[in-house]
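here are the coordinates; sequence isn't available:
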């Protein structure tokens, strides 16, 4: 598929596995699945429920959505645990993360897919801080924290990302399934970035819109996750990751 000038040269066809980690999203899950299902790029939606207790499971158990595969984890283990499960069973050529809270717009999948389909990238990040798309105005210190974590991550990975913590990360299936992930909670974001860099995967970044939630509306990430992110940036830095890969290779020979 290399060599296409833009997405208008292609007729949208189902090529995307959407991995949707879900925890206590009864207010938004139906609308979110409907929005994702409207995309002509979507081949399957893998909903991994991470031990919801608010009625989300009942909605999922009673659903009859086409193209949807539902995995019910026995207990709440965190976003990272849910993503690992979804990544492992994805079947289509490309894989994207979609939170179940409607902060990110599925109509923008084509932006994420373009560098992948053109053969230019192995991984594409959707940046909330790049471009001129609409953004809901919310927490100042959250924005500052995200930028600081991205800067800190870039210092260790030698990348020039603008939004390391973004949910919208899109991969070739081969790329994401080649990475062994460990983090159970939000630390999976810097872990993915560190391991993508360590493996020399080609990364692109595109601007996306963002409609963030307040804590009253169900936002879950907190300051402790920021502290863990700093730890994970160091732990999964490419230099240390390459040492682990080399050591593992030596032990297996």
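Received, thanks. On a predicted model such as this, the values are computed, not experimentally measured, just so you know.

low-scoring stretches of the stretch 51-200 of the chain, by residue?
131-132, 134-139 (pLDDT under 70).

Show me where it has its strands.
Secondary structure of the stretch 51-200 of the chain by DSSP state E, counting those that start in this stretch: the strands cover 68-72, 94-97, 123-127, 169-172.

which other residues reach the second one?
Put plainly, it is strand 94-97. Strand 94-97 has contacts (CB atoms under 8 Å, 6 or more residues apart in numbering) with 15-21, 83, 87, 109, 112-113, 116-117, 167-173, 176. C-beta: built from backbone N, CA, C; applies to glycine.

OK, contacts around the nearest residue to residue 77 once chain neighbours are set aside?
The shortest distance from residue 77 to any non-neighbouring residue, by CB to CB, 6 or more residues apart in numbering, is to residue 184 (5.2 Å). Contacts for residue 184 (CB under 8 Å, 6+ apart) come out as 77, 78, 79, 80, 81.

one more time with 10 Å
Residues in contact with residue 184 (CB atoms under 10 Å, 6 or more residues apart in numbering) are 50, 76, 77, 78, 79, 80, 81, 82, 83, 84.

Show the backbone phi and psi for it.
phi -90, psi -30 (degrees, to the nearest 10).

For it, give its distance to residue 95.
Distance of residue 184 to residue 95, given as CB to CB, to the nearest Å: 19 Å.

Residue 50 too?
Taken as CB to CB, the span from residue 50 to residue 95 is 18 Å.

Hmm, residue 113 and residue 170 touching each other?
Yes: checked against CB atoms under 10 Å, the pair residue 170 and residue 113 is within contact range at 6.6 Å.

Which residues does the residue nearest to the spatial centre of the chain form beta bridges with?
Centroid-nearest residue in the chain: residue 97, 3.5 Å away (criterion: CA atoms, centre = their mean). For residue 97, the beta-bridge partners are residue 19 (DSSP bridges).

With that, I have no additional questions.
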